[in-house]
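**Student:** A structural model of the following input is requested.
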Amino acid sequence: MPVHLNHTIVAASDKARSARFLAEVLGLGPPATYGPFAVVELDNDVSLDFMDDPHVVARHYAFLVSEEEFDAIFGRIRERGLDYWADPFQQQPGEINTHDGGRGVYWHDPDGHVLEVITRPYGG
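**Tutor:** As a prediction, this is how the structure comes out:
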C-alpha cells in the first residue's frame, strides 16, 4: 500500500472555533467530533483534527484548490475582513501572488496559524 497522509493534529485555543473557521473559509462541511477532536475533512481523504491546547505554536497549512475554489475562498476572506498577504512573511499585505502561473494567498486563523491556498503546486 502506498503511503498517504491520513490526518494531522492542529493545536487550538478553542478547537470548535478554529475548526469551524477553517471549514467555513474553505467552504467545507461542518467539523465532526471524534473523541477529543473537532475534525475538518478535506476532499482528498485527509483530515485536520483540532485539539484544545493552551500552548499553541503557530504552524503553516497550505491547501491546493481549483481556480473556482480560490475565487470563492478569497471572496470569503475579504467578506470577513481578514488581513491577507501574497507571501508568508507578510511583506505584501492586501495582495495575492501568481507563482508558477497560478494564484496564492496567505491569512491567519484565530490562533495565528498561517493558512494558504494555491492553485498550482510550487515548482510545477
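**Student:** Quick check, Arg59 in contact with Val114.
**Tutor:** Yes: counting by C-beta atoms under 8 Å, Arg59 does reach Val114; the two are 7.3 Å apart. (C-beta placed from N, C-alpha, C; glycine too.)
**Student:** the more surrounded of these two?
**Tutor:** Residue environment comparison for Arg59 versus Val114 gives the larger neighbour count to Val114, 17 against 14, counting by other C-beta atoms under 10 Å.
**Student:** contacting residues around the more buried one?
**Tutor:** With C-beta atoms under 8 Å, 6 or more residues apart in numbering as the criterion, the residues that contact Val114 are 58-61, 88, 106-108.
**Student:** same thing but at 7 Å, please
**Tutor:** By C-beta atoms under 7 Å, 6 or more residues apart in numbering, the residues touching Val114 are 58, 60, 88, 106, 108.
**Student:** now Pro31
**Tutor:** Taking C-beta under 7 Å, 6+ apart, we find Pro31 in contact with 19-20, 23, 38-40.
**Student:** one more time with 8 Å, if that's ok
**Tutor:** Contacts here follow C-beta under 8 Å, 6+ apart; on that basis Pro31 touches 16, 19-20, 23, 38-40, 50.
**Student:** before we move on, what about Val10?
**Tutor:** Taking C-beta under 8 Å, 6+ apart as the contact definition, Val10 lies against 18, 48-51, 59, 61, 113.
**Student:** what do you get for Leu28?
**Tutor:** Here Leu28 is in contact with 22, 40-43 (criterion: C-beta under 8 Å, 6+ apart).
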